[in-house]
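Q: predicted coordinates and the sequence they were generated for:
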Amino acid sequence: MDKRTIIGLVALILIIGAIVWFVNWDEKEKATPVLSVSASTTTAVPGDSVVFTLNAENPNDETISGYVMEANISDVTNQASLVEASGASYNSATNSLVWTPRDIPPHESISQTFSVKVNSLPSGSTSTTMRISFNNELAVEIRPTAVVSGGSAMQQVASNYIAPTSGASEFVPVLLAALLTAGFIFRRRLVGITSGN
């Protein structure tokens, strides 16, 4: 074999390899789901439960086979305790929840949930934030509870709690006083008319 033939064969192999790599790369790009995370609330106090929902949407025309949903919960478990993981296993090496592989049909989505209970804040903390990333980043603000005395009992309420107004509005007592006065005047006149006969 001469030198030109060898160079031609090498060039042909490189071209075929590049085409195969490009086709496989393009298919992998199409097979990637769109991920997102949401939560049942964006503010919480110690003792509250927060439910996180992970969503994987397939925007492609072909099924994504055996997709493994995995979420790193490092920052969540720093602020809360895991309560329910919907059948996920825990990977301690990555501090992640990992669910059983599932197929995602074309233009559909799959979701998984997990719930946590918010831990007490460190002494002296005014607030902190619990974060999770699943393509987007979601933050849940954790506020301290305030202790409010009410008679002999102590109640814990959220620091952003606004007490409801109780009792009648200012207009009601004025209206009742006016009606009572009018009724008294009417009664006096009625008694005066009947006693004059």
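A: Yep, that arrived. Numbers count the residues shown, from 1 in each chain.
Q: C-alpha from now on. contacts and neighbour counts both.
A: Noted.
Q: show me what Ala44 is bridged to.
A: Beta-bridge partners recorded for Ala44 (DSSP bridges): Ile142.
Q: tell me how far it lies from Arg187.
A: Look at Ala44 and Arg187: by Cα to Cα, to the nearest Å, they are 59 Å apart.
Q: which one's more surrounded, the two?
A: Per other Cα atoms under 10 Å, whichever of Ala44 and Arg187 has more neighbours is Ala44, with 22 against 12.
Q: my guess is the more buried one contacts Glu141, does it?
A: Yes - counting by Cα atoms under 8 Å, Ala44 does reach Glu141; the two are 6.3 Å apart.
Q: burial count for the residue nearest to Arg143 when sequence neighbours are not counted?
A: In space, Arg143 comes closest to Ser127 once its chain neighbours are excluded; the distance is 4.6 Å by Cα to Cα, 6 or more residues apart in numbering. Residues near Ser127, counting by other Cα under 10 Å, number 14.
Q: try Ala11
A: By other Cα under 10 Å, neighbour count at Ala11 equals 12.
Q: I'd assumed Ser133 was in a strand, is it?
A: Yes - assessed with DSSP: H, G, I helix; E, B strand; the rest coil, Ser133 lies in a strand.
Q: who's it bridged to?
A: Judged by DSSP bridges, the bridge partners of Ser133 are Glu137.
Q: so what's the residue count around it?
A: Ser133, neighbours per other Cα under 10 Å, totals 17.
Q: what's the answer for Val50, then?
A: By other Cα under 10 Å, 21 other residues sit near Val50.
Q: from memory it sits against Val118, does it?
A: Yes - using Cα under 8 Å, Val50 is in contact with Val118, at 7.5 Å.
Q: now do the shared contacts for those two.
A: Ala44 (Cα atoms under 8 Å, 6 or more residues apart in numbering).
Q: list the contacts for Asn78?
A: If a contact means Cα under 8 Å, 6+ apart, then Asn78 has Met130 as its contacts.
Q: what about 10 Å?
A: Contacts for Asn78 were tallied using Cα atoms under 10 Å, 6 or more residues apart in numbering; they are Val118, Asn119, Met130, Arg131.
Q: grab the nearest non-local neighbour of the second one.
A: If the residues on either side of it in the chain are set aside, Asn119 comes closest to Ala80, at 4.8 Å by Cα to Cα, 6+ apart.
Q: neighbours of that neighbour, how many?
A: Counted with other Cα under 10 Å, residues neighbouring Ala80 total 22.
Q: hang on, the earlier thing: pick out the most distant pair among the contacts of Asn78.
A: The most widely separated members of those, counting by Cα to Cα, are Asn119 and Arg131 (14.2 Å).
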